[in-house]
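Asks: Provide a 3D model corresponding to the input given below.
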Amino acid sequence: MEVEQLEIREHLRRHPPFSFLSEEDLNRVSMAVEISYFRADSHILCLGQEIADLHYIRQGSVEVFRSNGEFYNRLGEGEIFGQISLIARRSVRYPVRAHEDTLIYFIPDSVFSDLCRRNEAFADFVEVEDRTRMRHAGLQSRAGTEMMTTRVERLVQREAVMLPGSASVTEAARRMTDDGVSAMLVCADDPPSGQPQLLGIVTDSDLRRRVLAEDLPGATPLAEVMSESLVSVEADDYLFAALLAMLKHNVHHLPVMRRLKPVGVIDLADLVGHETRNSLFVVRNIHEQEDLDGLVQLLPDVRGSFVRMVNEGATANMVGSAVATIGRALKQRLLEMAEARLGPPPVPYCFVAHGSMARDEQSLVTDQDNALILDDTFDRAEHDGYFRALAESVCDGLAELRYPYCKGKIMATNPDLRQPLAVWKQRFAEWIGKPDRPNLLKSSIFFDLDGVHGQTQYADSLKQWIADRASRSPAFLGCLAHNAQTRTPPLGFFRDFVLEKSGRHQDFLDLKRRGMAPMVDVIRVHALASASVAQNSFRRLDDIQAAGFLTGSMIADLRDSMEFIAGTQYRHQAENLERGIEPDNRVNPVTLNTFDRRNLKDAFRVLANAQRFLRLRYRVVKV
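Replies: Have a look, this model is predicted:
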């Protein structure tokens, strides 16, 4: 083999899909290659032209256009074009022009077609276009552990044990002993539909603490001692979803439902049989700590859990949910410690998370965003001293736990963010009803909210209240749509990548600011328009599709794009930790492999298209 052909082979083997080929096939391709040089701005493929070769960019870059002349894509070294026309046996649909002086390898159609027939990995890569390829990349990253691939129903060993709420605690204890279970579901005595209507759950722990310890008579009805705030999972959920439910709500038993009917109960022991060193145990250790120093000592475990999940192939949705759940547990324990020191609160309250924690999309690089919803009986002169001290204790503790203070003062230490529920509703009514620029900014900050501790039903009622009114306010949605277009994604790679232009982060790409944040903004607009109360972006997409605001393919594109951008962000942070440096959101595109650069570009293009669609879908009000 000539030296030139050896050089061709070695360059091809570094880039997919040629990296999937055997030595024999690589030799065959390199022997068949012809080389052409194109000056900047010269045409490589014209609309309607017959095509006989796969085109491989050896050096330089090209621009791809739609048939109407609109710019579509920019490709660089190691990327291919022309494959779709070859596969479809059609003339050129996407004209291509050299963006700069460019060297192209031409691979004959006969060689290309033969590789597609004989090499499945090669065919899979070239037979799917941009967003489908990105979807395949996401699926490959989801192999994960058994927790991520096993359905909850696999752990259900028997039917749910149930008794009506009027049954006595003695009857329940005997039934639980006879059936060998540690929890029993409590249902209504006469459900109107004939199907079991769950009221609550009673566990061994409940019987000890609420019956024996309180010396209640054996005839006490179950309804008086049961836990009413039921947290359940669906039979077809993955074990990881069950794990997150336990972590988030600090419970050890979960009813398993199928079409609103209870089919069993799983407990912590069932999940421990599948996982032994994960975020579940980090959260358990958090709740066992007695002081702030103990929580600080757990920080290496928190980061280790993050790295482990990323390296084991957990989806970005899973990682974000787990990190947010750990953050919630830290807030909950800090609040419990503060209450133990300050005494019981003078009026009921709900400590609220905003931003990525509220959305279950948190990374290791995040600051504090929180507030307090207080009972409507709150009197600032009489009660605020307690809640100011509570907020300072929690926010100072979070700062020690590497959750920096919010520069915008979106924290419960800000007295303006310690308000009764009625005041919060009034405030949101003003933001929604008068969507000028300051109100738009405030609403964007506060529209992602979730109760962390205390009377979390306050947060739930506020979310429903907001969703009902925002969905009926076209002017407000128009303002949000305008806001969601202000941060555009960086399209193109190499010299055309929109990077930081100066300072210590020069030549880096901020995946949060230019990727995740605008993606969240776009999804939030559609979610509020569809009256969704979901906070997580992936669950919001489900509601948006159900409401018919976007097509199934558009939803799939957004879901896959968000998964890939967030996954790239999490992998970068995990790599930072493994190298012993503080994690951040800034990636140098040069460090990404060709496959990741290509898919990240696909994701950014989906985001750009979604922003353009906002202008068509909503009456945008410029503010």
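
Asks: okay, now the nearest residue to P583 once chain neighbours are set aside: neighbour count?
Replies: Spatially, and ignoring its direct neighbours in sequence, P583 is nearest to Q573 (3.7 Å; CB to CB, 6 or more residues apart in numbering). The way it works is simple: take the backbone N, C-alpha and C, and place the C-beta from them, glycine included. By other CB atoms under 10 Å, 25 other residues sit near Q573.

Asks: Could you chop this structure up by domain?
Replies: The chain resolves into domains spanning 3-127, 148-272, 279-617 when parsed by automatic domain parsing.

Asks: avg pLDDT for the last one?
Replies: Looking back up the chat, that one is domain 279-617. Mean pLDDT, domain 279-617: 90.

Asks: try the first one
Replies: Model confidence over domain 3-127 averages 90 on the pLDDT scale.

Asks: Give me the residue ranges of the stretch 151-300 of the chain where confidence is low.
Replies: Under the criterion pLDDT under 70, the flagged ranges of the stretch 151-300 of the chain are 192-194, 272-280.

Asks: could you redo the last one with a cut-off of 90?
Replies: Applying pLDDT under 90 to the stretch 151-300 of the chain picks out residues 151-160, 180-182, 188-198, 205-206, 227-231, 234-252, 258-261, 267-285, 287-288.

Asks: what's the nearest residue to the spatially most central residue of the chain if we skip its chain neighbours?
Replies: Taking CA atoms, centre = their mean, the centroid of the chain lies closest to N317, which sits 3.6 Å from it. Leaving aside its chain neighbours, N317 sits nearest to F538 (5.3 Å; criterion: CB to CB, 6+ apart).

Asks: quick one: that neighbour and A566, what's the gap?
Replies: Here the criterion is CB to CB, to the nearest Å. By it, F538 lies 10 Å from A566.

Asks: out of these two, which sits in the more crowded spot?
Replies: Using other CB under 10 Å as the criterion, F538 and A566 rank with A566 on top: 24 against 20.

Asks: That one and E361 touch, don't they?
Replies: Yes. Judged on CB atoms under 8 Å, A566 makes contact with E361 at a distance of 7.0 Å.

Asks: which neighbours do the two share?
Replies: Here A566 and E361 have 317, 320, 516 as joint contacts, going by CB atoms under 8 Å, 6 or more residues apart in numbering.

Asks: What segments of the stretch 151-300 of the chain are strands?
Replies: 162-164, 183-187, 198-203, 233-234, 253-258, 261-267 (DSSP state E, counting those that start in this stretch).

Asks: which one of those strands is the most hemmed in?
Replies: Of all these, strand 183-187 has the most neighbours on average by mean count of other CB atoms under 10 Å, namely a mean of 24.

Asks: who does that strand touch, helix- and strand-wise?
Replies: Contact here means 3 or more CB pairs under 8 Å, 6 or more residues apart in numbering; DSSP states H and E; on that basis strand 183-187 packs against strand 162-164, helix 169-179, strand 198-203, strand 261-267.

Asks: closest one to R341 among these?
Replies: Distance to R341, taken as CB to CB, is lowest for strand 198-203 among the helices and strands packed on strand 183-187, at 29.5 Å.

Asks: what angle separates the closest one from helix 169-179?
Replies: If you take axes from the mean of the first three to the mean of the last three CA atoms, to 10 degrees, strand 198-203 sits at 70 degrees to helix 169-179.

Asks: Contacts for strand 198-203, please.
Replies: With contacts defined as CB under 8 Å, 6+ apart, strand 198-203 is touched by 165, 169, 172, 182-188, 222-223, 225-228, 230, 232, 252-253, 255, 262, 265.

Asks: Can you give me the buried ones in the helix or strand where D25 lies?
Replies: Applying DSSP states H and E as the criterion places D25 in helix 23-32. Neighbour counts over helix 23-32 (16 or more other CB atoms under 10 Å) mark 25-26, 29-30, 32 as buried.

Asks: Who are the packing partners of that helix?
Replies: helix 3-12, strand 102-108, helix 109-118.

Asks: okay if I get these as a markdown table plus distance to L614 and mean neighbour count?
Replies: Converted to a markdown table, the helices and strands packed on helix 23-32 look like this (distance: least, CB to CB, whole Å; neighbours: other CB atoms under 10 Å):
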| stretch | distance to L614 | mean neighbour count |
| --- | --- | --- |
| helix 3-12 | 41 | 15 |
| strand 102-108 | 35 | 20 |
| helix 109-118 | 38 | 16 |
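
Asks: Now distance to G294 too, for those, in TSV please.
Replies: Putting the helices and strands packed on helix 23-32 into TSV (distance: least, CB to CB, whole Å) gives the following:
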stretch	distance to G294
helix 3-12	55
strand 102-108	60
helix 109-118	59
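
Asks: Quick one, which of these gets closest to G454.
Replies: Evaluated over the helices and strands packed on helix 23-32, closeness to G454 peaks at helix 109-118, with 59.8 Å, by CB to CB.

Asks: Please work out which residues outside stretch 19-31 touch it.
Replies: Contact partners of stretch 19-31, identified using CB under 8 Å, 6+ apart, comprise 1, 5-6, 8-9, 12-13, 18, 107, 111, 115, 118-119, 121-122, 125.

Asks: can you pull out the strands in the stretch 401-550 of the chain?
Replies: Using DSSP E, counting those that start in this stretch, strands in the stretch 401-550 of the chain cover 418-420, 449-454, 509-510.

Asks: quick one on the thing from earlier: intersection of neighbour lists for F538 and A566?
Replies: Here F538 and A566 have N317 as joint contacts, going by CB under 8 Å, 6+ apart.

Asks: Ok, which of the helices and strands packed on helix 23-32 comes nearest L295?
Replies: L295 sits nearest to helix 3-12 of all the helices and strands packed on helix 23-32, at 51.9 Å, using CB to CB.

Asks: what's the offset of that closest one from the middle of its chain?
Replies: Averaging C-alpha positions (CA atoms, centre = their mean, to the nearest Å) puts helix 3-12 42 Å from its chain's average.

Asks: between that helix and helix 23-32, how many degrees?
Replies: If you take the same axes, to 10 degrees, helix 3-12 sits at 120 degrees to helix 23-32.

Asks: C-alpha coordinates for helix 3-12, CSV please?
Replies: C-alpha atoms of helix 3-12 as CSV (Å, rounded to 0.1, in the frame of the first residue of the first chain):
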residue,chain,number,x,y,z
VAL,A,3,2.2,6.0,1.7
GLU,A,4,-0.7,8.2,0.6
GLN,A,5,-3.2,5.4,1.0
LEU,A,6,-1.8,4.6,4.4
GLU,A,7,-2.4,8.2,5.5
ILE,A,8,-5.9,8.0,4.1
ARG,A,9,-6.6,4.8,6.0
GLU,A,10,-5.3,6.2,9.3
HIS,A,11,-7.3,9.3,9.0
LEU,A,12,-10.5,7.4,8.2
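
Asks: Residues contacting that helix, please?
Replies: Residues outside helix 3-12 that contact it (CB under 8 Å, 6+ apart): 1, 18, 21, 26-27, 29-31, 33, 56, 58, 78, 105.

Asks: Swap in 7 Å and give it another go.
Replies: For helix 3-12, the surrounding residues in contact (CB atoms under 7 Å, 6 or more residues apart in numbering) are 18, 26-27, 29-31, 33, 58, 105.

Asks: any idea how far N599 is from S553?
Replies: For S553, the distance to N599 - CB to CB - is 17 Å.

Asks: between those two, who's got more neighbours?
Replies: N599 (25 against 9).

Asks: re earlier: nearest to D293, of the shared contacts of A566 and E361?
Replies: Of all the shared contacts of A566 and E361, G320 has the smallest distance to D293: 28.0 Å, by CB to CB.
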